[in-house]
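*Asks:* Just to be clear, the model below is a prediction. Sequence and coordinates:
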Amino acid sequence: MSDATKPGDAPSLPTFTLDGHDVPFTPDQTILQAAMAAGHYIPHLCFHPEFKPHGSCKVCTVKVDGRTMASCTTQARAGAEIESSSDEVRDLRRNLVQFLFTEGNHFCPSCEQSGDCKLQAVAYELGMTSSHFTQMFPDRPVDASHPDVLLDFNRCILCELCVRASAEVDGKDVFALSGRGIKKHLIVNAESGRLADTRLAVEDKAMSVCPVGVILRKRRGFRVPIGQRTYDARPISEVAVDQYRRATRGDE
Amino acid sequence: MSGDVSAVLAKHQHDPTRLVQILRDLMAAQRHLTPQDLTAIAKGLALPRGRVEGVAGFYSFFATEPRGAYRVLFSDSITDRMAGSVELRQRLLDAFHLRLGEVSRDGLLSVDVTSCTGLCDQGPAMLVNGVAIPRLTHARIGAISALIRASSPMEWWPENLFSIHSHIERRDQVLSTPFERGEAVRAAIRRGPDGTLEELQRSGLRGRGGAGFSTATKWTACRGAEGRARFLVCNADEGEPGTFKDRVLLADHLELVLDGMTVAGHTVGAKKGFLYLRGEYPFLVQPILAALEERRHERWLGSEIAGVPGFDFDIELHVGAGAYVCGEESALIESLEGKRGIPRNRPPYPVTHGYLGQPTVVNNVETLAKCALIASHGAEFFKLRGTAKSTGTKLLSVSGDVARPGIYEYGFGVPVSQVLADAGAERTQAVQVGGPSGTLLSRSELGRRIAFEDVPSAGALIVFDESRSILDVVESFAAFFAHESCGFCTPCRVGTTLAAQMMGRLCHGRGTRRDVKDLARVARQMRATSHCGLGSSAGNPVLHALEKFRPSFDKALASHEVVPSFDLDEALAPAREVTGREDEGAHLTEEAT
Amino acid sequence: MAPEKKKLRVATASLAGCFGCHMSLLDLDERILELLKHIEFDRSPITDIKTCGPCDLGILEGGVCNAENVHVLREFRKQCKTLVAMGACAVNGGLPAQRNHLDVRDCLQDVYLVGVGVSRGFIPNDPELPLPLDRVHPLHDVVKIDYFLPGCPPSADAIWQFLTDLLAGRTPHLGHGLIHYD
């Protein structure tokens, strides 16, 4: 069936249903991609429209014909019935976001990314009022060695977007992951372990993909006052769909 | 660049897929990896330095901080604990005035724990600089302390310290049928790949690693997949606590396994096979290498095997470095490629996109041994044992509260109660079948059968008698998963740690009804949303125990719905220390709220 | 005159907080008068009552950083049927919890003994002073919390929405714009 369809040939595209709505898709799309392209928001953190789906945060969990799957890495399939906004699915997502808040040090009031932070905005979207579990309060020293960039590891959610951007777009491999399990952590590509000793530059793609407040331009933080930022104005469910469409317009 | 680094890089031909082997060799030479070593390795392999550091930081046998000249790792499986490992560990620590995880001031000794080392039938066990020592007793710890204190080189240590026993307690088809090197390969050549596949299909053989996927289907898919080359991997990364059957197969029936690998290579058209041996089994390295060399010499490996033109196949030994998750086939392949052992997104599956993106079959050790048996003796012989849906026999690793721990081979379908009777179990309270990721059976379920259609299992039975605390068991399993989670996905990375913390609180009398509720919530979250089998089964011990041993939890609960998650008075201790205060206000009592 | 409906008794206090959440409560402005038709204050900075009697609702700002915080928190939990953690510090420790990666002994020594400008210093040891805990904790690490009202501080509108939901017997719900962590 999908062989006969051409991108842009909307009426003949195969479809699946998302909470009862028909969603058309092209053969290369995953559930998340097709949903976002059709204007249906599915919360996500490690997914970025310009990168290959990663499937690590699991916040985009949906139920596909009754089975829980990460929608970013699950290929769209004609006729599939997908459940995304039921209480059960939202509870699973909220638990995951609470996990992320519990394992890191997320003190929004003192974070210059507050209001522009996807983790925070997704938590708002899911109605999270506390992180519920026992905070782990890990010790994660910041790296202020670079003249233009501050790295605050306290907020890292290990989505690997900076790792991927630096490797795939910038060709610099500035970031990597080390450790395992709860001790997994972001590292930089330098024997000294200092960002200043890497090739990171402010123009790099890796500078602009962090969904939280780890990779920060110095002397920029409060140019836009708290209260007037991206997700203060509009919920992430609207912003993300617009951003997705803008980012993929070229190749659709 | 240090001499060690350049020599090791040269030995491995500067091949980046050999990174885990390179780091292993370097660890053996100098006990820890310095930042300069990692830089030099990265340069030598033309890899980003962060990649090398990431791999060094992933496997628990690698150390990027100095460790003792003697690095002691106590196996911390539940069976080790039941056999008294905690006390023995403390004895060693006390002898050197050390704390767990510390290096002694003179740099002589460091003591830490590691996950199950697969010597559950002869625990407690430890690894000293990677070398296994089983059957620890106070006398053995005393002797080892003296040897360490004298800085005695390990080659001089009494050999009997290191001897590993096989403990085969019951033999059936695999363990009793005489087998001669090359016999299965010869049969496979006679039948040809199609004939072998047909025989395998008729045998109904299902994978013995736990998942039970049809071996013939897997081989057929790989054989038919497009690729530049095909690969065969023998998964000997036997990390499930309580499981040691592959260790015994490789020690006592190695020829059967190697024949099975060669038959697989012949059938799917792979020219190269890997044997991925877990790092905890260093005592198997030399015997395996020697057997491979003999096989090459006798033309059972290499080019034109048994004189058949075009039948080229060789086997490379690859040794792990302490990561249970590498037992998952796609993580194992990542590790073979010299990377962090992170399970891949699937599909595509390894049979079409495996090692270096090429079609790859990954089979468990026991599965391959059975393939050799089927090739030699045919499907009908194989099907004499087992049930209709679970044909053949199963090797069971039996440990815990039994008189005769060891390996038991039965036809599939054997009731758990029979295994217990044969192994001499008494007053059994519970049996963990298939290790922590498997099924916890209560006394009333012991009539259930070991078979894919009833209790599927990779073959471990850990037996707990009435004297054991089920909470301690679950706590040990929860800690295991937290230690072994690769950390890739949120639910497993955080969930395993939260579950371990809550189980720890429960075992120390700080557990509350909220903890019990949260445990179930975390366990279900992991089951529903984890990336791989490790995460989705990590909640099993908690969920099974809550379902079947609820009174054990209720008894352990503090009387209130919520008590502080930490010890309030202890939390004031540092401030008391610097202020010197000991008045009433300088203390907090536990009180009902 | 119809008999007045019994008013809900409410207590508030600030633990390891900055009173910012209480300021936000005052930001309700004239809505406080409306609120006072339905509630009356027990222990609170507003009444200056120092101990908490039996209450329907307790609202606590700030996390738990010292022994006194523990006592007040326990008193509230004992006396209040429903207990609310208000503001970032009560919810996850907030700003004070950013000392949690430091050793409290080093903190005290730095501040009172060896810090720049300190001469002949000593670490205060008067029994009147509450001793600091080794780490700052959110309230739910110590007692059961029934509701969380995040924000630094939560806005007056969020507090209003939260309280009016609660008074009406609904589960409080803060939509976009009202739910904030900053």
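*Replies:* Alright, I've got the coordinates. Numbers count the residues shown, from 1 in each chain, chains lettered A, B, ... in the order given.

*Asks:* who's in contact with whichever helix in chain B runs longest?
*Replies:* Identified as the longest helix of chain B according to DSSP state H is helix B:183-203. Applying Cβ atoms under 8 Å, 6 or more residues apart in numbering or on different chains, the contact partners of helix B:183-203 are B:215-216, B:219-220, B:223, B:256, B:259-260, B:262-263, B:266-269, B:300, B:305-306, B:308, B:311, B:371-376, B:378-380, B:382-383, B:391-392. Every C-beta, even on glycine, is put in place using the N, C-alpha and C of the backbone.

*Asks:* quick one: what helix or strand has residue A:23 in it?
*Replies:* Here residue A:23, judged by DSSP states H and E, is contained in strand A:21-24.

*Asks:* And stretch B:543-554, how far out from the chain middle?
*Replies:* 26 Å (Cα atoms, centre = their mean, to the nearest Å).

*Asks:* Now do the buried residues in it.
*Replies:* Neighbour-count burial for stretch B:543-554 flags B:543-546, B:548-549, B:552-553 (criterion: 16 or more other Cβ atoms under 10 Å in any protein chain shown).

*Asks:* Can you report phi and psi for the residue nearest the centre of chain C?
*Replies:* Closest to where the C-alpha atoms of chain C average out (Cα atoms, centre = their mean) is residue C:61, at 1.5 Å. The phi and psi values for residue C:61, taken as degrees, to the nearest 10, are phi -100, psi 150.

*Asks:* circling back to that earlier point, out of the buried residues of stretch B:543-554, the closest to residue B:452 would be?
*Replies:* Distance to residue B:452, by Cβ to Cβ, is smallest for residue B:544 among the buried residues of stretch B:543-554, at 18.6 Å.

*Asks:* quick one: that closest one and residue B:437 touch, right?
*Replies:* No: counting by Cβ atoms under 8 Å, residue B:544 stays clear of residue B:437, with 10.9 Å between them.

*Asks:* Give me every residue in chain C lying close to chain B.
*Replies:* With Cβ under 8 Å from any Cβ of the partner chain as the criterion, chain C meets chain B at residues C:67, C:70, C:74, C:77-78, C:103-105, C:108-109, C:123-125, C:127-128, C:130-135, C:137, C:140-144.

*Asks:* Give the buried subset of these as a PyMOL selection command.
*Replies:* Filtering the residues of chain C next to chain B down to the buried ones (16+ other Cβ under 10 Å) takes a single PyMOL command:
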select buried, chain C and resi 67+70+74+77+104+105+108+109+130+131+132+133+134+135+137+140+141+142+143+144
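
*Asks:* quick one: which of the residues of chain C next to chain B sit in helices?
*Replies:* With helices taken from DSSP H, the overlap with the residues of chain C next to chain B comprises C:67, C:70, C:74, C:77-78, C:104-105, C:108-109.

*Asks:* Does the residue nearest to residue B:405 when sequence neighbours are not counted belong to a helix, a strand or coil?
*Replies:* Closest residue in space to residue B:405, ignoring its immediate chain neighbours: residue B:121 at 4.0 Å, by Cβ to Cβ, 6 or more residues apart in numbering or on different chains. With DSSP: H, G, I helix; E, B strand; the rest coil as the basis, residue B:121 sits in helix.

*Asks:* Going by neighbour count, list what's buried in stretch B:204-220.
*Replies:* B:204-210, B:212, B:214-216, B:218-220.

*Asks:* How far away from the center of its chain is that stretch?
*Replies:* The answer for stretch B:204-220 is 20 Å, by Cα atoms, centre = their mean.

*Asks:* Give me the contacts around it.
*Replies:* Applying Cβ under 8 Å, 6+ apart, the external contacts of stretch B:204-220 come out as B:197, B:200-201, B:203, B:235, B:240, B:264, B:267-268, B:327, B:351, B:361, B:363-367, B:370-371, B:374, B:379, B:382-383, B:389-392, B:394-395, B:434, B:437-438, B:452, B:456-459, B:533.

*Asks:* List, one by one, the residues from chain C near chain A.
*Replies:* Within chain C, the residues that sit near chain A (Cβ under 8 Å from any Cβ) are C:85, C:88, C:91-95, C:97-98, C:100-101, C:135, C:137-138, C:140-141, C:145, C:147-150, C:152, C:173-174, C:176-177, C:179-182.

*Asks:* Quick one: buried ones out of these?
*Replies:* Applying 16+ other Cβ under 10 Å to these flags C:85, C:88, C:91-95, C:97, C:100, C:135, C:137-138, C:140-141, C:145, C:147-150, C:152, C:174, C:176, C:179-182 as buried.

*Asks:* Which one of the residues in the stretch 151-300 of chain B is closest to chain A?
*Replies:* residue B:239 (13.6 Å; Cβ to the nearest Cβ).

*Asks:* how close does that residue get to residue A:62?
*Replies:* Using Cβ to Cβ, to the nearest Å, residue B:239 is found at 32 Å from residue A:62.

*Asks:* Could you find the closest non-adjacent residue to the residue of the stretch 1-150 of chain B found nearest chain C?
*Replies:* Here the residue of the stretch 1-150 of chain B nearest chain C is residue B:99; by Cβ to the nearest Cβ that distance is 17.1 Å. Nearest non-adjacent residue to residue B:99, counting by Cβ to Cβ, 6+ apart: residue B:93, 6.6 Å away.

*Asks:* The one you found touches residue B:101, doesn't it?
*Replies:* No: the criterion here is Cβ under 8 Å, and residue B:93 misses it with residue B:101 at 10.0 Å.

*Asks:* What residue in the stretch 251-400 of chain B comes nearest to chain A?
*Replies:* Closest contact between the stretch 251-400 of chain B and chain A, by Cβ to the nearest Cβ, is at residue B:345 (4.9 Å).

*Asks:* Does anything pack onto whichever helix or strand residue B:547 is part of? Which helices or strands?
*Replies:* Assessed by DSSP H and E, residue B:547 sits inside helix B:540-548. Helices and strands touching helix B:540-548, by 3 or more Cβ pairs under 8 Å, 6 or more residues apart in numbering or on different chains; DSSP states H and E, are strand B:439-442, helix B:470-484, helix B:513-529, helix B:550-556.

*Asks:* what do you get if the cut-off is 7 Å, keeping everything else the same?
*Replies:* strand B:439-442, helix B:470-484, helix B:513-529 (3 or more Cβ pairs under 7 Å, 6 or more residues apart in numbering or on different chains; DSSP states H and E).

*Asks:* which one of those lies closest to chain A?
*Replies:* Of all the helices and strands packed on helix B:540-548, helix B:513-529 sits nearest to chain A, with 4.5 Å by Cβ to the nearest Cβ.

*Asks:* The closest one to helix B:540-548, inter-axis angle?
*Replies:* 120 degrees (axes from the mean of the first three to the mean of the last three Cα atoms, to 10 degrees).
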